[in-house]
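**Student:** next come a sequence and a model predicted from it.
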Amino acid sequence: MELQGSHVLNAPPEQIWEMLMDTDVLARIVPGISRLEKTGENEYKAVADIKMGPVSGSFSGGLTLSDIRENEGYVIHVKQSSKIGNADATIRIDLAPVGQAQTQLTFDGGAKLSGLLARTGNRVLSGVANTLTKQFFENFEKELQTTKQT
Amino acid sequence: MSTNYIGQSVKRLEDKRFITGKGRYTDDIKLPGMTYASFVRSPYAHARVNSIDTSAAKDMPGVVAIFTGDDIASAGIVGVPTGWQVNFKNGDTMKEPPHPLLVPTGSTVKHIGDPVAVIIADSREAAFDASELVEVDWEELPAVVSALKATEEGAPQVHPDAPGNLAFDWEIGNPIDEVNEAIEQSAHVTTLEFVNQRLVPNAIEPRAYIGHYDEVSDKYTLYTSTQNPHLIRLLMCAFVLGIPEHKVRVLGPDVGGGFGSKIYHYTEEALVTWASKQIRRPIKWTETRSEAFMLDAHGRDHISKAEMGFDADGNIKALRIKTYANLGAYLSTFAPAVPTYLHGTLLQGLYTTPKIHLELSAVFTNTVAVDAYRGAGRPEATYLLERLIDLAALEMDRDPIQLRKQNFIPSFDGVEQPGYQTQVALQYDSGNYHGVLDRAVEMLGYEEFRRLQQESSRNGKLIGVGLSTYIEACGIAPSAVVGALGARAGLYESAQVRVQPTGKVSVYTGSHSHGQGHVTTFAQVVADKLGIAMEDIDIIHGDSDAVAFGMGTYGSRSLAVGGSAIVKSIEKVLEKGAKIAAHKLECSADDLEYAEGKWTVKGTDKSISFGDVALTAYVPHVYPQGLEPGLDFSSFYDPANFTYPFGCHIAVVEVDKETGKVKLKRFIAVDDVGNVINPMIVDGQIHGGLAQGIGQALLEEAIYDENGQLTNGSYMDYAMPRADDLPMFEIERQVTPCPHNPLGVKGAGEAGCIGSTPAVVNAVINALWSGGHKVKDIRMPLTSERVWRAMQSSNSTITQS
């Protein structure tokens, strides 16, 4: 499954970066994630509920960050397992300033699926990827607005 | 009352039961104290099993027992065997790595779905729930899916003791030097590199097994959705579990389709049988549809390069082929035989090709086993030959009909004229190949078609016609021949005809119906030969305790082999009956003739009925001296040769120039399956076969991603042919009787599936050429995307795999 997206957010890269490094914020904006706990330096334990077409499941596993470039981006590696199959994703996130107060957030990567997830979810994967991407940016914008209000 | 049953379209006796939902399949059977099994299966195509933790699962309500691969290994059970041995060219023994019932810790799973543990619980739901709580520590390993890539340097190794992932290499035909020379001397060589894609068998009934160990009798009963109960008993008892055969009864109740996938002895059959003794309760396992996609042995999956050489007059001079056959991760029961003895031996086709050579690599990959699927090897051979000859006609600008006819083997009846000896080991029994082709072309109206083709290209559609002629080796098989070829069993059939005291007849056959209508066809044969009513006959099959022995149903063998065994027993019944009749009528048996269910003294009206003779046999008061009472005979029939059905199929397609969408407009099939007992049932077999063959051409493919995940394992993702994908079939038959079996039948189960696939692809290629797109090949299935792409890149070859 290919995961790609790009969106301009109404905040400077420094603010976006801060949010991306905050586990509580990440847990709120990444679609499906219900819990994110720090387990070590740049290592997290994640629990997620995801529905892919005809199959849905509760995933748990690890999340690690690498290639950390402050205010510019990082590579996120997620390894999740569930009863309906496992997912192994590597996604590169890049931040680029747009004007004074905006940031272009781009992500590019892919997920390797196995088990029932791969067998029955494939037909809807591109649709699922698009929906998740859309949700991610929507959540991000909502989070930004909330931050502004407070 | 007419007793002329052979050749009549008698309605199928079993259909009322089936279409009113009264069939009794394995999953319908409920035994007291029954438990249910669910397997813990690998989500990876290749992974090491580091550890398995079943503690949480054990605590779940309703769980009766949990077994892992370590339990099976410590019970001394190695795994399920294959039924055929094909050795390397240099004489080395085929690689036959163990196929464990459950993969033990420390070992590796080798395809998705490979099981590591089984949960047995009071209900199916409890077993499912508990299986989700088994924690397995998997260490994912690199996987290989393509047979070609698996043989490359540095490819992941499926089995440590099969270097290069080679199960065996193999060759057949004339010496390669002679074939190379003939190719080099050819005026024209047509070359085709192509993929015969992987297919899911899709029987409507998923596999289901019940193992039941009975402590009182110390006997096991296995209920199984199988095509061959005795074969399963033999393999399971002698080669897997080491249980004495007389202590095991295998029952094959109603079975909802097989297409080959239910021939094989699967690990779950042995597991429920073994585990039933451990827990002293019956265990049922019914496959989910998702498991059926993943685990029922797939079909085809060949990658080939084929070259056909012609002289300047269009005569075929040579055929040279290199094929990679994907056998999957483990050798299934018939797997080694499919690309070799059921494929290599058919490469003569209907042509007089003087020099033929096939070089084959049989390869392990991290995919589920590939084995016989309707046609088994013969569709692959036919596809190769018929694509080549049609492409050659296009390349040389010759008429595809004439090109075939000038290369056809001349007609021979196998009685006056001898059988035809091929370059690839077989001797054809009888054939009239021009007959089927001429009739099919007549039905098409070829000249009219050509005119239509020119017209329609002007209005946005391309019209194409594709031919295919085929021959198959059926009536599997003469035991001595297949024994020499590496079969680990004989392929005869048994039949017992038991005449009851009242003249009713019970027939026990080792053939096994899973939709073919044996109960009707066999009863027609018996009623016709004995001159009694069909209602007075019962056909019993699928019970290893009732039937003496049986090799089951596959390879279009039931009527040719099983039916012939029945005829042999009927002849014995009539011979003994004549002795009893002669005694009662006070004449010599030579003075009697048998017709319409009675023996009559020739030239008189003195007669005695079949029923009276039967009663006399069981109440032998007035009886020939020295003759045993009773009227009950068993026979084993081992065929003298394979049977060789053949035919010609023609497809007419319309291709949308804008979208590449293919519409099958007409499909003509003229098949010669020898004598026909029930034309309606044969029509049904042809129809079903055509749908499957056309499905391969246009719709179906099992697709693994590069990690070995099956990406289309559901009916939402795997395209099966539907009624609206198919036109009304135009089918006719020619009859060239088989000269070596008593019924003169050749077999009809696979014909439709063998001939139809290349006809459809040839038609699409023909349509594209008529529009100026000179493509050599489009990879099956011919989706509109692939056809559209082919039209965009005319003059080039599309053969990516």
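**Tutor:** Looks like it arrived, so ask away.

**Student:** the lowest-mean-pLDDT helix or strand in chain A packs against which elements?
**Tutor:** The least trusted helix or strand in chain A, going by mean pLDDT, DSSP states H and E, turns out to be helix A:116-121, with a mean of 76. For helix A:116-121, the packing partners by 3 or more C-beta pairs under 8 Å, 6 or more residues apart in numbering or on different chains; DSSP states H and E come out as strand A:55-69, strand A:85-98, helix B:289-295. (Glycine included, C-beta is placed from N, CA and C.)

**Student:** okay, those, which one's buried deepest?
**Tutor:** Neighbour counts averaged per stretch over these are highest for helix B:289-295, at a mean of 21; criterion: mean count of other C-beta atoms under 10 Å in any protein chain shown.

**Student:** from the contact counts, what lies against that helix?
**Tutor:** helix A:116-121, strand B:35-41.

**Student:** of all the helices and strands packed on helix A:116-121, which one is nearest B:Tyr492?
**Tutor:** Minimum separation from B:Tyr492 across those (C-beta to C-beta) falls at helix B:289-295, 30.4 Å.

**Student:** give me the neighbour count for B:His46.
**Tutor:** Counted with other C-beta atoms under 10 Å in any protein chain shown, residues neighbouring B:His46 total 26.

**Student:** quick check: pLDDT value at it.
**Tutor:** In this prediction, B:His46 carries a pLDDT score of 97.

**Student:** picking that back up, got the buried residues for the helix or strand just after the least confident helix or strand of chain A?
**Tutor:** Heading C-terminal from helix A:116-121, the first helix or strand you meet, by DSSP states H and E, is helix A:125-149. Of all the residues in helix A:125-149, those buried under the rule 16 or more other C-beta atoms under 10 Å in any protein chain shown are A:Leu125, A:Val128, A:Ala129, A:Leu132, A:Thr133, A:Phe136, A:Phe137, A:Phe140, A:Glu143, A:Leu144.

**Student:** do helix A:125-149 and chain B come into contact?
**Tutor:** No. Helix A:125-149 is not in contact with chain B by C-beta under 8 Å from any C-beta of the partner chain; minimum separation 8.9 Å.

**Student:** name the residues that touch that helix?
**Tutor:** Here helix A:125-149 makes contact (C-beta atoms under 8 Å, 6 or more residues apart in numbering or on different chains) with A:1-5, A:7, A:9-11, A:15, A:19, A:25, A:28-32, A:52-53, A:105, A:113, A:121.

**Student:** returning to what we had before: now mean pLDDT and distance to B:Leu385 too, for the helices and strands packed on helix A:116-121, in CSV please.
**Tutor:** Compiled in CSV, the helices and strands packed on helix A:116-121 are given as follows (pLDDT from 0 to 100; distance: least, C-beta to C-beta, whole Å):
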stretch, mean pLDDT, distance to B:Leu385
strand A:55-69, 88, 43
strand A:85-98, 92, 42
helix B:289-295, 96, 31
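
**Student:** out of these, which comes closest to B:Gln625?
**Tutor:** Closest to B:Gln625 of those is helix B:289-295 (C-beta to C-beta; 60.6 Å).

**Student:** for the residue of the stretch 201-350 of chain B found nearest chain A, give its distance to B:Ala126.
**Tutor:** As assessed by C-beta to the nearest C-beta, chain A sits closest to B:Ser290 within the stretch 201-350 of chain B, at 6.4 Å. According to C-beta to C-beta, to the nearest Å, B:Ser290 stands 19 Å off from B:Ala126.

**Student:** can you mark which positions in stretch A:10-28 are buried?
**Tutor:** Buried residues in stretch A:10-28 (16+ other C-beta under 10 Å): A:Ala11, A:Pro12, A:Pro13, A:Gln15, A:Ile16, A:Trp17, A:Met19, A:Leu20, A:Val25, A:Leu26, A:Ala27, A:Arg28.

**Student:** what's the farthest-apart pair in those residues?
**Tutor:** Within the buried residues of stretch A:10-28, A:Pro12 and A:Ala27 form the most distant pair, 22.9 Å apart (C-beta to C-beta).

**Student:** pLDDT score assigned to the residue nearest to the spatial centre of chain A?
**Tutor:** Note on chain A: the residue nearest the mean C-alpha position is A:Val30, at 4.7 Å, using C-alpha atoms, centre = their mean. With respect to pLDDT, A:Val30 scores 85.

**Student:** can you get me a residue count around B:Ala127?
**Tutor:** When neighbours are counted by other C-beta under 10 Å, B:Ala127 registers 27.

**Student:** packing partners of whichever strand or helix holds B:Asn766?
**Tutor:** Assigned by DSSP H and E, B:Asn766 belongs to helix B:751-770. With contacts taken as 3+ C-beta pairs under 8 Å, 6+ apart, helix B:751-770 sits against helix B:378-396, strand B:461-471, strand B:646-656, strand B:662-672, helix B:679-698, helix B:784-792.

**Student:** name the SS class of B:Met308, please.
**Tutor:** Here B:Met308 is recorded as strand under DSSP: H, G, I helix; E, B strand; the rest coil.
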